[in-house]
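the following comprises the amino acid sequence and a computationally predicted model.
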Amino acid sequence: MKPIRKDPKDFLQITRGYLRDMRELARRNHVAHQVLWLLAERMNRTNAVVMSQKTMGQILGYSRATLSRAIALLKEENWVQVVLTGTSNAYVLNSKVLWRDHGGKRYASFFAEVVVSEDEQSQPIEDWDNIELRNVPILEAGEVPITDDEDLPPPDQKDLIPPAPEELPTAVEGEDSIRRKQLEKRGQKHIPTTSNPDTETKV
């Protein structure tokens, strides 16, 4: 598990009036107290973290039965809300006590920090970089989808479209011929050639 960097800008806020209750919790059930602080350490800005009891046990060193009793106590005393998510639980900490977001708001719908251990996975973590996933296009705020035959907005995004075949130069004419036609379009007068090399032609 990656340790959390000691960044002064990444802070956790605590309602001071609950500090006494936290001390009492540590005296009554030190396992529940450790679980609460582990969840607070790993929760995101919506006060949520997803973690299996197996991973929690590996971090704290307690059995699943001991952790189940501790979590039941935290839930009963409204320290955390437990949301079932299959084989793991999502824990949402009471935002009146602890929070990371400046507003300290409660969320009915939330994004969770997910904490897993390596031996819970079906394949080694070292192989994850070799897994090719399909990229799903996502529209950001203010973006709209466009079709192939739809004009792109200005100024010059049409330059990004591949040129049509008729827009490309052909290889039928030589470079000198093409260059001469370009000069003539710009106003360059054509100088006729003569069969006598000693004859001087003036424009």
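Sure thing, it's come through.

which helix or strand in this protein has the lowest average pLDDT?
Counting by mean pLDDT, DSSP states H and E, the chain has its least confident helix or strand at strand 113-115, which shows a mean of 69.

what packs against whichever helix or strand comes after that strand?
Downstream of strand 113-115, the first helix or strand assigned by DSSP states H and E is helix 175-185. Helix 175-185 is packed against no helix or strand, with contacts defined by 3 or more C-beta pairs under 8 Å, 6 or more residues apart in numbering; DSSP states H and E. Just so you know, the C-beta spots here come from the backbone N, C-alpha and C atoms, and that holds for glycine as well.

and helix 175-185, what's its mean pLDDT?
The predicted model assigns helix 175-185 a mean pLDDT of 71.

and residue 48, backbone torsions?
Dihedral angles of residue 48 (phi, psi; degrees, to the nearest 10) stand at phi -120, psi 150.

what about it, neighbour count?
Residue 48 has 22 neighbours, counted by other C-beta atoms under 10 Å.

ok, now residue 15?
14.

for it, which non-adjacent residue is spatially closest?
Closest residue to residue 15 in three dimensions, ignoring its sequence neighbours and counting by C-beta to C-beta, 6 or more residues apart in numbering: residue 97, at 5.6 Å.

ditto for residue 145
Leaving aside its sequence neighbours, residue 145 sits nearest to residue 139 (C-beta to C-beta, 6+ apart; 6.7 Å).

so residue 46 lies in a helix, does it not?
No: secondary structure of residue 46 (DSSP: H, G, I helix; E, B strand; the rest coil): coil, not part of a helix.

phi first, then psi, for it.
Its backbone dihedrals place residue 46 at phi -100, psi 20, with angles given as degrees, to the nearest 10.

same thing with residue 50?
Note on residue 50: backbone dihedrals following degrees, to the nearest 10 are phi -110, psi 130.

show me the beta-bridge partners of it.
Here residue 50 shows beta-bridge partners residue 90, residue 114, assigned using DSSP bridges.

doesn't residue 85 make contact with it?
Yes: here residue 50 lies in contact with residue 85, judged by C-beta atoms under 8 Å, at a distance of 6.0 Å.

so which of these two has more stuff around it?
In terms of neighbours (other C-beta under 10 Å), residue 50 is the more surrounded of residue 50 and residue 85; the figures are 20 against 12.

where does this protein have low pLDDT?
Along the chain, segments meeting pLDDT under 70 span 1, 101-113, 115-137, 146-176, 188-203.
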